[in-house]
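Asks: I would like the atomic coordinates for the input below:
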Amino acid sequence: MKQVRRVLSAKVGFAALLASLLLLAACGGSTGDDDSDGSDGAVDSADSADSAGAENTVVMELISFKPEVIEVSAGDTVTWTNEEAASAHTVTSGQVEQGSGGVTATPDDRFDSGNVAAGDTFEFTFDEPGTYAYYCAIHPATMTGEVRVAAN
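Replies: The predicted model follows:
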């Protein structure tokens, strides 16, 4: 009976912890700043760099890049975050071609993250306007993306 109580107690404790974390997440990010400027609280381009960073994030999950295409300005940094549970990925600049002979990935050596483990990130700053194709060297058939960099 003691073992059953311990398991039940552990499950109740875990449920309480999970509920607490969900409540904290729901409260998320409020700084308590006074909105005395009369704005509606919407974020615009004049707001802090913290909000700009969130916009320049690509998530690696379900063997894909999300979003697949991201648009930034010259000088912006893009952050790729691997949210897979166990799979490593790369962020490798270059082209992927798929044909009857299979998949051919050709890096262009502009940037390469190496292996990004689950839960880790990779950042790259795009200084020059242009279109930058990239792929995951481990999963090139399914993981491709593009960064479109506009002039300031």
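Asks: output the top strand by length along the chain as CSV, nothing but the C-alphas.
Replies: With secondary structure taken from DSSP state E, the chain has its longest strand at strand 102-112. What follows is strand 102-112 as a C-alpha-only set of coordinates in CSV (Å, rounded to 0.1, in the frame of the first residue of the first chain):
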residue,chain,number,x,y,z
GLY,A,102,18.3,11.1,-55.6
VAL,A,103,19.1,14.2,-53.6
THR,A,104,22.1,16.3,-54.2
ALA,A,105,23.1,19.0,-51.6
THR,A,106,25.7,21.6,-52.6
PRO,A,107,26.9,23.9,-49.9
ASP,A,108,28.0,27.4,-50.8
ASP,A,109,30.1,28.0,-47.7
ARG,A,110,28.4,31.2,-46.6
PHE,A,111,27.4,29.7,-43.2
ASP,A,112,27.2,26.2,-41.6
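Asks: tell me what the very next helix or strand once past that strand is packed against?
Replies: Downstream of strand 102-112, the first helix or strand assigned by DSSP states H and E is strand 121-126. Judged by 3 or more C-beta pairs under 8 Å, 6 or more residues apart in numbering; DSSP states H and E, strand 121-126 is in contact with strand 76-82. The way it works is simple: take the backbone N, C-alpha and C, and place the C-beta from them, glycine included.
Asks: would you mark the buried spots in the strand it packs on?
Replies: Within strand 76-82, the residues scored as buried using 16 or more other C-beta atoms under 10 Å are Asp76, Val78, Trp80, Thr81, Asn82.
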